[in-house]
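Participant: sequence first, then the predicted structure, then my questions.
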Amino acid sequence: MKRSVIPREFFCRYTPEVASDLVGCRLVRVIRGRRISGIVVETEAYRGPKDPASHAYRGKTSRNGVMFGPPGHAYVYFTMGMHFCLNVTTEPTGTPGAVLLRAIEPEEGIAVMVKNRGPIAVDRLASGPGNLTKALGIGKELDGEDLVMSDRIFLEHGRMAREIGTSPRVGVSAGRSTRWRFFERGNRFVSRGRPSSPQNP
DNA sequence: TAATGGATGTTCT
DNA sequence: GAACATCCATTAT
């Protein structure tokens, strides 16, 4: 059987381009042999020294080291005292870059996501970076995982996104001038980000 | 429906 | 000691 896992070359490109192309791909998490998955509907791009909003802006540290490594790996970090965020590394080895996965449209394993998140509406199960990692049971034990080789978490070809919208990134004070947030226009699983921010600018 | 602020802990200055 | 790639309940309109 042919695997439809996305190859490493896909991630070895200009980060905003990878972030845009990831919308429509399927994110798969496997726990005890069961698939939990969904279509990626919202992402953000982060680069290196010229991107003041990026963790890699001030160079390599023990936390962000994965961003400087080979493309196609998971960069998982803990934030705001409560939440994990899942990123996919991009660009050639030595060039920092990562795409933050902000929301998915659940497909398989919805019952497991509900168990992880509590009884809430399906369109909010994995909407927002902290909610996504909680729904899929992702923690720092997956930091540095190779998404091309792993059987615990990986990306597959999904479906064609209808239309890609862009906006400034959510929750960052620096780098407001770049529109490096990408989402499927009109999709109800996309997180609102900030209250009252226009979703179809 | 929109705005505000608290919980909570790691990382870096 | 300050900042932080968040989330959600509470408050005001």
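Facilitator: Yep, that arrived.
Participant: pLDDT below threshold where in chain A?
Facilitator: When residues are selected by pLDDT under 70, those of chain A lie in A:1-3, A:193-201.
Participant: and it, which residues reach DNA strand B?
Facilitator: Taking C-beta under 7 Å from any atom of the strand as the contact definition, chain A meets DNA strand B at A:58, A:61-64, A:78-82, A:195-196. All C-beta atoms are positioned from the backbone trio N, CA, C, and that covers glycine.
Participant: at 10 Å what do you get?
Facilitator: Of all the residues in chain A, those in contact range of DNA strand B (C-beta under 10 Å from any atom of the strand) are A:55-65, A:77-83, A:130, A:140, A:143, A:192, A:194-198.
Participant: buried only: go through these for me.
Facilitator: Listed as buried from those are A:55-57, A:64, A:77, A:130, A:143; burial here means 16 or more other C-beta atoms under 10 Å.
Participant: which ones among the residues you listed lie within strands?
Facilitator: Using DSSP state E, the subset of these located in strands is A:Y77.
Participant: mind putting the buried ones among the residues of chain A next to DNA strand B into TSV with distance to A:P16?
Facilitator: Compiled in TSV, these are given as follows (distance: C-beta to C-beta, whole Å):
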residue	distance to A:P16
A:H55	17
A:A56	15
A:Y57	16
A:N64	19
A:Y77	20
A:G130	23
A:D143	23
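Participant: now stretch A:136-145: buried residues?
Facilitator: For stretch A:136-145, burial by neighbour count (16+ other C-beta under 10 Å) applies to A:136-138, A:142-143, A:145.
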